[in-house]
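Asker: no FASTA, just this:
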């Protein structure tokens, strides 16, 4: 089976820039599991909630629920406090399945934040998210 067009189609789900709403709409139309291979690339666009693609992408990410947890966990384990804050604030708290799947990570961030996480109030967002459980 020729994988060329399928790979091209998957790459069309990744925005080329912060205004590429067509790519986001293609990802929304394709849904899960078609977008599974590009989830980490889509999460990159949640680094700035002011980007038009972030606003369009957030509801899709929320709808994915628990299957999104491993990719978000990688970010929560990283050093980018702003990105963590945005994901908890815009995606995790809006998905009961993600809240459950990431509860241990949220407890860790709330109880033992890094200096960067504290500066970006990741610990505050994590505590507020935990109140929803």
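Answerer: Noted; the coordinates are in hand. Just so it is clear, the structure is predicted and the values come from calculations on it, not from any experiment. Residues are numbered from 1 along each chain as shown.
Asker: hmm, who's touching the longest helix that the chain contains?
Answerer: As assigned by DSSP state H, the longest helix anywhere in the chain is helix 52-64. For helix 52-64, contacts defined as C-beta atoms under 8 Å, 6 or more residues apart in numbering pick out 15, 18-21, 23-25, 27-28, 32, 39, 42-43, 45-49, 68, 86, 90-91, 94-95, 98. C-beta coordinates here come from the backbone N, C-alpha and C atoms, glycine included.
Asker: pLDDT of it, averaged?
Answerer: The average of the pLDDT scores along helix 52-64 is 98.
Asker: which stretch of helix or strand covers the residue sitting nearest the centre point of the chain?
Answerer: In the chain, the centroid-proximal residue (C-alpha atoms, centre = their mean) is residue 43; its distance is 4.4 Å. Under the criterion of DSSP states H and E, residue 43 resides in helix 39-44.
Asker: residues of that helix that come out buried?
Answerer: Of the residues in helix 39-44, 39, 41, 42, 43 count as buried by neighbour count, 16 or more other C-beta atoms under 10 Å.
Asker: got the end-to-end distance for stretch 43-61?
Answerer: From its first residue to its last, stretch 43-61 covers 8 Å (C-alpha to C-alpha, to the nearest Å).
Asker: let the chain start at 39 from now.
Answerer: Got it, first residue is 39 now, which makes that one stretch 81-99.
Asker: flag every buried residue along it.
Answerer: For stretch 81-99, the neighbour count (16+ other C-beta under 10 Å) marks 81, 83, 84, 89, 91, 92, 94, 95, 96, 98, 99 as buried.
Asker: fine by me, we can end here.
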